[in-house]
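A.B. asks: please work out how this folds:
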Amino acid sequence: MTVIGQERQQLVGLAYRLLGSVSDAEDVVQEAYGRWYALTGPQREAIGSPAAWLTTVAGRICLDLLGSARVRRERYVGEWLPEPVPAGRLADPADRVTLDESVTMAFLVVLDAMTPAERVAFVLHDVFGYPFAEVAAVLGRTPAACRQLASAARRRVAASRPPSPADGRADVVRAFKRAWEAKDIQGLVGLLDPGATAVADGGGLVSAVLRPVVGGEQVARYAVHLLGRLPALAIEETTVNGQPGLVARRDGTVAAVVAFDVAGGVVRRIWAVRNPDKLRLWRA
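C.D. replies: Residues are numbered from 1 along each chain as shown. Alright, predicted model coming up:
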């Protein structure tokens, strides 16, 4: 495989972190490669670092998409969540960015709350280790301005981190599954932080609560209510964005992928993706 070909998977991983969508990320990388091969031979030979060139082009495309995404989100039905990915789908060549914190649902949700420039500066520098001089080439700003953007984004990430360790995630998710299957409301309440929230993304294509459910007991009752409405739901443990999660199947088809934010032995946040357009990787 050529050096250019070897960059593809890492570029997809970069674009996914920026956009929260594998399909959009793949389109971005395809466009970046299209621009590379549209160059003449001498133009390509004059580029000192093809990898840096591709990263700059892909980053700029993502930046444009992030700007237009905010307009599209205003028309989105209900809550928007990043597209969940199964285990092994984003195996970047560099071990330091393979299924680490930067692809967890909790991290991607925080990224989505940033401005497009903050998001690009932070992901390129803090996650992928690009120097601010290269980040500046993507954003069209000075390295000092990019440093400030990344610093602001870093503060957002730090503020979102739990105050206590997230040990025992798999055990908590497994206990949640068992209590959910048993329709044990009190058992679920005991596993949920009193201020827990649950967010569902149906995209207007399938039924899903349109606003976050807030409060441990309210989340527990809502989860049990769902099982009452969907009695044939089969729940399985799985890995969602590198963390313990659940997948719900109905008649053999994936109906939802559920990600968890666990800290201090309890669930703080639940994200349930039901939009079928975001579950294609799980139905393959």
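A.B. asks: show me the shaky parts of this structure.
C.D. replies: The chain contains residues with pLDDT under 70 at 1-6, 88-100, 164-166.
A.B. asks: wait, what's in contact with the closest residue in space to residue 118 that isn't next to it in sequence?
C.D. replies: Spatial nearest neighbour of residue 118, chain neighbours left out: residue 153 (4.2 Å); criterion: Cβ to Cβ, 6 or more residues apart in numbering. In this view, the C-beta of every residue, glycine as well, is placed from N, C-alpha and C. By Cβ atoms under 8 Å, 6 or more residues apart in numbering, the contact list for residue 153 reads 111, 114, 118, 119, 121, 122, 126.
A.B. asks: out of those, which sit inside helices?
C.D. replies: Members of these lying in helices (criterion: DSSP state H): 111, 118, 119, 121, 122.
A.B. asks: care to break this structure down by domain?
C.D. replies: The chain breaks down into these domains under automatic domain parsing: 3-160, 169-283.
A.B. asks: counting by contacts, list what the strand or helix carrying residue 28 packs against.
C.D. replies: Per DSSP states H and E: residue 28 is located in helix 22-38. Contacts defined by 3 or more Cβ pairs under 8 Å, 6 or more residues apart in numbering; DSSP states H and E place helix 22-38 against helix 3-19, helix 50-73.
A.B. asks: before we move on, back to that, buried ones in the helix or strand where the residue nearest to residue 118 lies, by neighbour count?
C.D. replies: Using DSSP H and E, residue 153 maps to helix 143-160. Buried residues in helix 143-160, counted by 16 or more other Cβ atoms under 10 Å: 145, 146, 147, 148, 149, 150, 153, 157.
A.B. asks: excluding chain neighbours, what is closest to the residue most central in space within the chain?
C.D. replies: Most central in the chain under Cα atoms, centre = their mean is residue 108, positioned 4.1 Å from the mean C-alpha point. Closest residue in space to residue 108, ignoring its immediate chain neighbours: residue 82 at 4.2 Å, by Cβ to Cβ, 6+ apart.
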